[in-house]
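My questions concern the predicted model and sequence given below.
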Number of protein chains: 2
Amino acid sequence: MKILIKDIRLTKDCGFGKNPVNILTDGKIISYIGEFVPDVRADRVIDGKGNLVLPAFYNAHCHSSMTLFRGYGDDLPLDRWLNERIFPAEDRLDEKSVYIGSMVAIAEMIRNGIVSFSDMYMFMDSVACAVRDCKVKANLARSIVSFDPDIDMKNDFRMKEAADFAKRWHGECDGKIKVDMSLHAEYTNVAKCCEYVADHAAKNGYLMQVHASETKKEHDECIERHGVTPIRFFSDTGVFDVPATAAHCVWADDEDIEILARKSVTVAHNPVSNLKLASGVMPYVKMKKAGVNIALGTDGAASNNRLDILREMQFAALIHKGTQLDAAATDASDMIYMATRAGALSQGRSDCGKIEIGYAADLLMIDLHSINNIPNYDYESAVCYSVGTSDIVLTMCDGCILYENGAYTSIDTERLEFEMKQVLENYFV
Amino acid sequence: MKILIKDIRLTKDCGFGKNPVNILTDGKIISYIGEFVPDVRADRVIDGKGNLVLPAFYNAHCHSSMTLFRGYGDDLPLDRWLNERIFPAEDRLDEKSVYIGSMVAIAEMIRNGIVSFSDMYMFMDSVACAVRDCKVKANLARSIVSFDPDIDMKNDFRMKEAADFAKRWHGECDGKIKVDMSLHAEYTNVAKCCEYVADHAAKNGYLMQVHASETKKEHDECIERHGVTPIRFFSDTGVFDVPATAAHCVWADDEDIEILARKSVTVAHNPVSNLKLASGVMPYVKMKKAGVNIALGTDGAASNNRLDILREMQFAALIHKGTQLDAAATDASDMIYMATRAGALSQGRSDCGKIEIGYAADLLMIDLHSINNIPNYDYESAVCYSVGTSDIVLTMCDGCILYENGAYTSIDTERLEFEMKQVLENYFV
């Protein structure tokens, strides 16, 4: 299918200034970008009305099915939230509820211009089915925990599940689904398990997903336990010798930052979740200066409560200026890069996250005529500080339109609302 | 006019739990709230579809016409932003551009559920005309600056303008417009002027608007200059003996907080602007504990870049949890109170900001069926953490619908976009 989007604007890095541009997609990829309207018979022509087209957003850290727990126990201290609310609720999860939770999550992400997400959780076959049914992309991982220092990894059921899940789904849906290996965190794993999982990932060409240094407690207790920080622990166990994404890294110290940069680990920065759970503020400026790859994540809806990379971008842009007392601490272009290209690279999708001929046609369109975008001196600045979800009028993944002006093409949201209600009646209320 | 809104939900403090409720407005006020549909002939019946109705938002601090400078010089350090961008641009302002800037600002506020704002700036007749034409409420003030210690206040042109503006507009538009007195800030005023303006406000029953302790530089330089903090300076010059709103108070110390509480000053908390200009994070938790009245403000769009109280609420809720490392540091109900009732009280509008019979029919409706609001365990939590601008489907001011499902009743936004373009061509580009 060929789709021609006429009369749009692109950000500075695309090299067209503020001039009207046209984009043609051909199958999965962008086949033309230019000031002239190409002489081809397109299956569909969209009037861009002078709106802004960006690469679609990539969500580098999520637990999609936790959307089931959106708003379930807010404003509680972290330990009460986990022990009184989340852990008991997670204990009642099953395949059906995880599928519905993920469907709602993906519907929200599509609405917010996100076409791909990284996810580590349980019942991952259900998540994979939701990804397939919604026609988005995802890097999915069955998250592993291990507490026995003498664990027999070859016969461990979690390891087996993770490996089998990868065999079933890696590369499925025309490459939209990838499977990663995942260690939940340092405090939920023994070194032997980390070494085994990292080795398995390396041998099979899988990427790694972990949580690291999310809270001060986790960071300090790891030092007590192992004499090293969680990031150093993962580095020492070989986890960072595989291309890896480490979520949070809020308490990363200078040595940690040096390791993250040297090992080319992608840090998934989740500013809203880190604030909401009172984990703290990640040392973004130091990391950026050290050359660390940073992408943006939403974390799960239980701790956010939205799956909205635009909002993460705005929080990241603002919170580091405000806490560093430096208005130049963040830059709108860097924020957009983190939300797009950096996320795509963290998922091993080097042909995504950029508006360039030959790249995947993962696009979103922003209505620049919305009252909150008037006037408009600078597109990057608008995206970072004034655009809102309500301005996203089109989301496209691999050349396929998933959302346009309020309507989904792959999801029946009314039915989904009904099914979510049923799930809650059966399991949680 | 009587408007009946059927099948809605209200927040906990209204006392109806999660039950379906109906609201009737009669002229400017709410005349019925209850589980039964009242037996009256309404001029209009709206199906609320189980959506949430809140008091409309009150914006306690704004410079509406600065919308002209939205995105004009972002990511620059504060001094370069002011000296290279804002001050030269402000120098070119006139009545027409301020009117258009304010119109765009008010259109955005209505879209975001805001029906009233406090504004201190220049060319205030133009702002008043925009408020009148858009049918919203505002507390408007001609902001005064003074640098001569021997100033003759009786004959000062700024004082005269402020007093005349008040005579022309105070109480106009059926009370929708109120005029306040305003001192720009401590660093732009001499004590003699502050005393005179405060006295003038007290004698005439006007409220006061000031900026105070926005930046560390301002705070520290005031101590060097006067031996006291900006808040103490205003207290000493009698400014806080008048009902006053002090914007920012980011660097308020313990003694300042005690003064703010004792003198019943409303602090206009502008979290987004304070972060964006790298001013810092206001000591919210200490202020709240001390019993200070806190309302929410957007500041001008030049330093935000949106006029969106919902976003301010979400930033306030999250940033204090994250920087205090305490997930219980803020509470969704408190945030909603700051955005509604506290703002109304800061404007001397004691019959506004509450859903109660006899109160002003200033309402907004939130679509709870949006994908980002599914599931929904708690309405307050949803408003504070998952609702977005796109979910606001109705804004009503004094019983008059100003916005409904994408359409304005008092503003032609297409024309406004064209007029804004003309203004920019003539004055700024």
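Done, it's in.

next SSE after whichever helix or strand residue A:120 is part of?
Counting by DSSP states H and E, the element that carries residue A:120 is strand A:114-121. Where DSSP H and E defines the elements, the next helix or strand beyond strand A:114-121 is helix A:124-134.

What is the subsequent helix or strand relative to that following helix?
strand A:137-144.

contacts for that next one?
Contacts with strand A:137-144, where a contact means CB atoms under 8 Å, 6 or more residues apart in numbering or on different chains, come from A:115-122, A:124, A:127-128, A:131, A:158-159, A:161-162, A:165, A:169, A:176-184, A:189, A:193, A:197, A:207, A:209, A:347-349, A:352, A:362, A:397-398. Quick note: C-beta positions are derived from backbone N, CA and C, even for glycine.

Need the CA coordinates for it. PDB is fine.
What follows is strand A:137-144, C-alpha atoms only, in PDB (Å, rounded to 0.1, in the frame of the first residue of the first chain):
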ATOM      1  CA  LYS A 137       5.800  -3.500  17.600                       C
ATOM      2  CA  ALA A 138       7.200  -4.700  20.900                       C
ATOM      3  CA  ASN A 139      10.200  -6.200  22.600                       C
ATOM      4  CA  LEU A 140       8.800  -8.600  25.100                       C
ATOM      5  CA  ALA A 141      10.500 -10.500  27.900                       C
ATOM      6  CA  ARG A 142       9.400 -13.000  30.400                       C
ATOM      7  CA  SER A 143      11.000 -11.400  33.500                       C
ATOM      8  CA  ILE A 144      13.100 -13.800  35.600                       C
END
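
who does the helix or strand that that strand is followed by touch, helix- and strand-wise?
Sequence-wise, the next helix or strand downstream of strand A:137-144 (DSSP H and E) is helix A:157-169. With contacts taken as 3 or more CB pairs under 8 Å, 6 or more residues apart in numbering or on different chains; DSSP states H and E, helix A:157-169 sits against helix A:124-134, strand A:137-144, strand A:177-179, strand A:181-183, helix A:191-204.

per-residue confidence averaged over the helix or strand following the longest one?
So that's helix A:191-204. Next helix or strand after helix A:191-204 toward the C-terminus (DSSP H and E): strand A:208-212. Across strand A:208-212, the average pLDDT comes to 98.

Packing partners of strand A:208-212?
Against strand A:208-212 (3+ CB pairs under 8 Å, 6+ apart) you get strand A:137-144, strand A:181-183, helix A:191-204, helix A:230-236, strand A:244-248.

Could you dump these into CSV with mean neighbour count and mean pLDDT added?
Formatted as CSV, the helices and strands packed on strand A:208-212 follow (neighbours: other CB atoms under 10 Å in any protein chain shown; pLDDT from 0 to 100):
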stretch, mean neighbour count, mean pLDDT
strand A:137-144, 26, 98
strand A:181-183, 29, 98
helix A:191-204, 19, 98
helix A:230-236, 24, 98
strand A:244-248, 28, 98
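
interface residues of the stretch 151-300 of chain A facing chain B?
A:216, A:272, A:274, A:275, A:276, A:277, A:278, A:279, A:280, A:281 (CB under 8 Å from any CB of the partner chain).

now, among those, which is nearest to chain B?
Set against chain B, the nearest of these by CB to the nearest CB is residue A:275 (3.1 Å).

three-state assignment of the closest one?
Secondary structure, DSSP: H, G, I helix; E, B strand; the rest coil: residue A:275 is helix.

Could you double-check that it lies in contact with residue A:318?
No: at 11.0 Å, residue A:275 does not count as touching residue A:318 under the criterion of CB atoms under 8 Å.

Give me the most central residue, chain A.
residue A:59 (1.6 Å; CA atoms, centre = their mean).

So in terms of bridging, what pairs with that residue?
In this structure, residue A:59 bridges to residue A:117 when assessed by DSSP bridges.

Residue A:33: how many residues sit nearby?
As a burial measure, residue A:33 scores 20 neighbours (other CB atoms under 10 Å in any protein chain shown).

Would you confirm that it contacts residue A:23?
Yes: using CB under 8 Å, residue A:33 is in contact with residue A:23, at 5.4 Å.

residues shared between the contacts of the two?
Taking CB under 8 Å, 6+ apart as the criterion, residue A:33 and residue A:23 both touch residue A:355.

In contact with residue A:129, which residues?
residue A:99.

measure it to chain B for me?
Distance, residue A:129 to chain B, by CB to the nearest CB, to the nearest Å: 19 Å.

try residue A:406
Between residue A:406 and chain B the computed distance is 10 Å (CB to the nearest CB).

and the gap between residue A:416 and residue A:83?
30 Å (CB to CB, to the nearest Å).

Could you check which of the two is surrounded by more residues?
The residue with more neighbours, out of residue A:416 and residue A:83, is residue A:416; 18 against 11, by other CB under 10 Å.

Mind checking which of the contacts of strand A:137-144 are buried?
Among the contacts of strand A:137-144, the ones that count as buried by 16 or more other CB atoms under 10 Å in any protein chain shown are A:115-122, A:124, A:127-128, A:131, A:158-159, A:162, A:165, A:169, A:176-184, A:189, A:193, A:197, A:207, A:209, A:347, A:349, A:352, A:362, A:397-398.

Any idea how many residues pack against residue A:123?
Residue A:123 - counted by other CB under 10 Å - has 18 other residues nearby.

tell me which element the closest residue to it other than its chain neighbours falls in.
Leaving aside its sequence neighbours, residue A:123 sits nearest to residue A:98 (CB to CB, 6 or more residues apart in numbering or on different chains; 4.0 Å). Using DSSP H and E, residue A:98 maps to helix A:95-111.

so after the helix or strand of chain A with the lowest mean pLDDT, what's the next helix or strand?
In chain A, no helix or strand scores lower on mean pLDDT, DSSP states H and E than helix A:78-80, which sits at a mean of 80. Next in sequence after helix A:78-80, counting helices and strands by DSSP H and E, comes helix A:87-91.

That following helix near chain B anywhere?
No: applying CB under 8 Å from any CB, one finds helix A:87-91 separated from chain B by no less than 10.6 Å.

In that helix, which of the residues would be classed as buried?
So for helix A:87-91, counting by 16+ other CB under 10 Å, buried means A:89, A:90.

contacts for it?
Counting by CB under 8 Å, 6+ apart, A:68, A:69, A:72, A:122, A:428 sit against helix A:87-91.

now that helix, how far from the centre of its chain.
Relative to the chain's own centre, helix A:87-91 is displaced by 23 Å; criterion: CA atoms, centre = their mean, to the nearest Å.

sorry, back to before: between the strand holding residue A:120 and strand A:208-212, what angle do the directions make?
Interaxial angle of strand A:114-121 relative to strand A:208-212 (axes from the mean of the first three to the mean of the last three CA atoms, to 10 degrees): 70 degrees.

Okay, now the unreliable bits of chain A?
Flagging of chain A using pLDDT under 70 yields the residue ranges A:428-429.

residues in contact with the biggest strand by length in it?
Assignment by DSSP state E gives strand A:44-55 as the longest strand of chain A. Contact with strand A:44-55 is made by A:1-11, A:20, A:22-23, A:113, A:336, A:340-341, A:344, A:352-355, A:362-369, A:379, A:382-383, A:393-394, as judged by CB under 8 Å, 6+ apart.

do stretch A:71-80 as well
Contacts for stretch A:71-80 (CB under 8 Å, 6+ apart): A:81, A:84-86, A:89, A:215, A:276-279, A:302, A:305, A:428, B:326-328, B:330-332, B:375-378, B:381-382, B:384-386.

Can you classify residue A:351 by secondary structure?
Secondary structure for residue A:351, judged by three-state DSSP, is coil.

Over to the one 4 residues further on?
Classification of residue A:355 by three-state DSSP places it in coil.

okay, now it: neighbour count?
By other CB under 10 Å, the burial measure for residue A:355, its neighbour count, is 23.

Thank you kindly, that will do.
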